[in-house]
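> Show me how the following folds:
(2 chains)
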Amino acid sequence: MECSEALDFLYQSFDAQLTPTQQMLLDAHRRTCFACANTLTRAERFQALLLQVPQLAVPRGLEDRIIERVFAANHVTTKRGETWRSLVDSVTNWRSFGLALGTAAAVFALILISRGVIQQTAMNHSQAPTAITAAINGTLDVAAANGPSSPASGSVMIQPGETLSNSSNQPSTIAIGPHLAVTIDNGTQIKVGSVRVDPQTGDPDVIAVRVDHGTVGVRENLQKNSGAIHVATDQATVVPTGTIFTVTAQSGSTQVAVGEGSVAVFLPGETFNVLAGNQAQITADRHTVSKLRPGTKFAH
Amino acid sequence: MLHPIRSKKLEPVSSGPDFALMQRIAKGDGDAFADLVRRYTRMLYNVAYRYNAASAEDLVQEAFLRAFQHANTFSGRSKVSSWLYRICVNVCLTSMGRASLQTTDIEDVPESELTASVNDRPETRAEGRETYKALEEGLALLPAQERMVFILRELQGLAYSEISDVLGMTEQAARTNLHRAKRRLQTWLSPLLTS
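Model (predicted):
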């Protein structure tokens, strides 16, 4: 038997396609050809590796985005009487509105995509504030809307409308729920947007923050029922799909760097994904995606 | 050159809830379509991601858009999953054509390039997750048809008969493509498989 034929036989054996005679020939060749024995061993390891390749989970919100796009393109109405076209239009309009106000850094807003329904909400106090309990590792200055700031550490209550800033010389990490941690770099200021809490678990269902300036790192272990964080800047809203990433807001631009998983970036009229190992640079009129610079650090 | 696939083969008549779902979708039932999306997004996402990770979401969205718009052409002669696979494969292949993306055969990668990127080579990678990453990189270097056969057979577990239907090739051609793909990938991953 030729060596190349032996490898063909081996692949066929993985498909249970070999006759007993062919199997005997393969086994005999393997015993007498040292080079082939090694190759065949590697082939078996490769086959074993393939059996362990995991099925990928669907990125959070993808099904909703598919339905949204298809319904919008075809003017489909569901039984609930919601015309998806009108919902999408309103979101688009809201995005433009939000961008304009966001540029002035006066108002921030976010899109909630949850449980099959696109909702829109602005930071306009139309909902009762919902507080969440978080644990701060380090020190942050916490200020209520239009109120003075005070240093906070350890276990704290965080409410919509509050501003969190890190004036220390070390990053501070906020643990929010069992699957989500946010690291705020020194010199960074964020505002807490809307917060929705799962009434059954008490964990945050959706939390939105806006980065006024500086860098925020997010480590989220995606669980089917875990909450989502939406990080907004003047240019974009970043929604993780089970990932580690940082968002840096600078004057006129936003940088998103992704360490694990991927994030969906929402821009007015456009959505794109940034995969692990890549970074996006976003300005008002364009965005570029490139490989991460070596040594880029992420939240731990 | 790659061409969109057209099924040449008739399969047993589809039945059960999936077929009923397709009939409702063909009449414009949005709720039925939402059910279809929730049932099959993961399946299509896995194919699209392994084929072209950077565009996976767009590819799946486009596949479902076409499925909705052509639901009335679903005759029930194949399984709904096969029909969706076929649409997704067509979207993947045609999107690559539109973007004029070059696929490079592993064996055509210049030695100098491999040497220059030694830090990215499989032998420098840790095991576990890095192995999967190396596998994905090797997969991206395969010719499109071999890559798709490999994805459908080894990662999605389709039978050769179903691959034959989805890709519009004979079962023997599917086997040949698969063996070629596995040989190339095994060569690519050889350092990791030796340890």
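
> all contacts plus neighbour counts: C-alpha atoms, from now on.
Noted.

> Surely residue A:183 forms part of a strand?
Yes. Under DSSP: H, G, I helix; E, B strand; the rest coil, residue A:183 falls within a strand.

> Can you give me the domain assignment for chain B?
Domain ranges of chain B: B:12-100, B:102-195, per automatic domain parsing.

> so which of those is the most packed in?
Highest mean neighbour count among the domains of chain B (mean count of other C-alpha atoms under 10 Å in any protein chain shown): domain B:12-100, with a mean of 19.

> For the stretch 1-150 of chain A, what lies in contact range of chain B?
Residues of the stretch 1-150 of chain A lying near chain B by C-alpha under 8 Å from any C-alpha of the partner chain: A:8, A:11, A:42-43, A:45-46, A:50-51, A:53, A:55-58, A:62-63, A:65-67, A:69-71, A:76-79.

> which of these count as buried?
Buried members of those, scored by 16 or more other C-alpha atoms under 10 Å in any protein chain shown, are A:11, A:42-43, A:45-46, A:58, A:62-63, A:65-67, A:69-71, A:76-78.

> if you go through the chain in chain order, where are the helices?
If you meant another chain, say so; for now it's chain A. With DSSP state H, the ranges of helices along chain A come out as A:3-14, A:20-32, A:34-52, A:62-74, A:84-103.

> wrong chain, I was asking about chain B
Secondary structure of chain B by DSSP H: the helices cover B:16-26, B:30-51, B:56-69, B:80-98, B:111-116, B:129-140, B:144-150, B:160-167, B:171-188, B:190-194.

> weakest of these in terms of mean pLDDT?
Confidence, taken as mean pLDDT, is least for helix B:111-116 of the helices of chain B (a mean of 36).

> Now for residue A:136: which residues touch it?
Contacts for residue A:136 were tallied using C-alpha atoms under 8 Å, 6 or more residues apart in numbering or on different chains; they are A:152-156, A:172-175.

> separation between it and residue A:151?
Using C-alpha to C-alpha, to the nearest Å, one gets 11 Å for the distance from residue A:136 to residue A:151.

> pLDDT wise, what is the nearest residue to residue B:37 once chain neighbours are set aside at?
Leaving aside its sequence neighbours, residue B:37 sits nearest to residue A:63 (C-alpha to C-alpha, 6 or more residues apart in numbering or on different chains; 6.3 Å). Per-residue pLDDT puts residue A:63 at 90.

> wait, doesn't residue A:63 sit right on residue B:39?
No. Residue A:63 is beyond contact range of residue B:39, at 9.7 Å (criterion: C-alpha atoms under 8 Å).

> Residue A:254 bridge partners, please.
Judged by DSSP bridges, the bridge partners of residue A:254 are residue A:249, residue A:282.

> burial of it, as a residue count?
Each residue near residue A:254 was counted by other C-alpha atoms under 10 Å in any protein chain shown, and the total is 24.

> Can you tell me the closest non-neighbouring residue to the most centrally placed residue in chain B?
What sits nearest the mean C-alpha location of chain B, by C-alpha atoms, centre = their mean, is residue B:47, with 3.9 Å. Excluding its sequence neighbours, the residue lying closest to residue B:47 (C-alpha to C-alpha, 6+ apart) is residue B:151, at 6.5 Å.

> Check the gap between the one you found and residue B:50 for me.
Remark: distance between residue B:151 and residue B:50 (C-alpha to C-alpha) = 7 Å.

> do the same with residue B:43
Separation of residue B:43 from residue B:50 (C-alpha to C-alpha): 11 Å.

> now do residue A:172
Look at residue A:172 and residue B:50: by C-alpha to C-alpha, they are 37 Å apart.

> Could you do residue A:245 as well?
Applying C-alpha to C-alpha, the value for residue A:245 to residue B:50 is 22 Å.

> can you check residue A:148 too?
According to C-alpha to C-alpha, residue A:148 stands 51 Å off from residue B:50.

> Likewise for residue B:181?
Residue B:181 is 14 Å from residue B:50, by C-alpha to C-alpha.

> doesn't residue B:145 make contact with residue B:180?
No. In this structure residue B:180 lies outside contact range of residue B:145 using C-alpha under 8 Å: 10.6 Å.

> which regions of the stretch 1-150 of chain A lie under the pLDDT threshold?
A:77-130 (pLDDT under 70).

> how does chain A divide up, domain by domain?
Per the record, chain A has its domains at A:3-52, A:62-119, A:128-291, by automatic domain parsing.

> List, one by one, the residues from the stretch 201-300 of chain A near chain B.
Contacts of the stretch 201-300 of chain A with chain B, taken as C-alpha under 8 Å from any C-alpha, map to A:273-275.

> Selection in ChimeraX covering whichever of the residues you listed are buried, please.
Those of these that count as buried under 16+ other C-alpha under 10 Å are selected in ChimeraX with:
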select /A:273,274,275
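
> And residue A:140, how close does it get to chain B?
35 Å (C-alpha to the nearest C-alpha, to the nearest Å).

> is that residue in a bridge, and if so with what?
On the basis of DSSP bridges, residue A:140 is bridged to residue A:152.

> how deep is it tucked in, by neighbour count?
Neighbour tally, residue A:140, other C-alpha under 10 Å: 27.

> Could you pull up the contacting residues of it?
A:151-153, A:164-168, A:172.

> With residue A:172 instead?
A:136-140, A:166, A:183-186.

> Of all the domains of chain B, which one is nearest residue A:259?
domain B:102-195 (13.4 Å; C-alpha to C-alpha).

> Quick one: name the residues of chain B near chain A.
B:28-31, B:33-34, B:37-38, B:41-42, B:45-46, B:54, B:57, B:60-61, B:64-65, B:68, B:132, B:154-155, B:179, B:186, B:190, B:193-194.

> got the contact list for residue B:28?
residue A:76.

> if we go to 10 Å?
Residues in contact with residue B:28 (C-alpha atoms under 10 Å, 6 or more residues apart in numbering or on different chains) are A:74-78, B:22, B:68-69, B:71-72.

> The residue nearest to residue B:37 reaches residue A:57, doesn't it?
No. Applying C-alpha atoms under 10 Å, one finds residue A:63 not in contact with residue A:57, separated by 11.6 Å.

> what is in contact with the two at once?
Shared contacts of residue A:63 and residue A:57, defined by C-alpha under 10 Å, 6+ apart, comprise B:41-42.

> I'd assumed residue A:163 was in contact with residue A:147.
Yes. Contact criterion C-alpha under 10 Å: residue A:147 and residue A:163 qualify, at 9.4 Å.

> And the two? Which one has more around it.
Neighbours per residue (other C-alpha under 10 Å) separate residue A:147 from residue A:163, with residue A:163 holding more: 26 against 10.

> mind saving the C-alpha coords of stretch B:153-166 as CSV?
Output of stretch B:153-166 as CSV, limited to C-alpha atoms (Å, rounded to 0.1, in the frame of the first residue of the first chain):
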residue,chain,number,x,y,z
ARG,B,153,-19.8,17.8,7.2
GLU,B,154,-17.4,18.1,10.1
LEU,B,155,-18.8,21.1,12.0
GLN,B,156,-22.6,20.8,11.2
GLY,B,157,-22.7,17.0,10.9
LEU,B,158,-24.6,16.8,7.6
ALA,B,159,-24.8,13.5,5.7
TYR,B,160,-23.0,13.4,2.4
SER,B,161,-26.4,13.1,0.6
GLU,B,162,-27.6,16.3,2.2
ILE,B,163,-24.3,18.1,1.4
SER,B,164,-24.7,16.9,-2.2
ASP,B,165,-28.2,18.5,-2.3
VAL,B,166,-27.2,21.7,-0.6
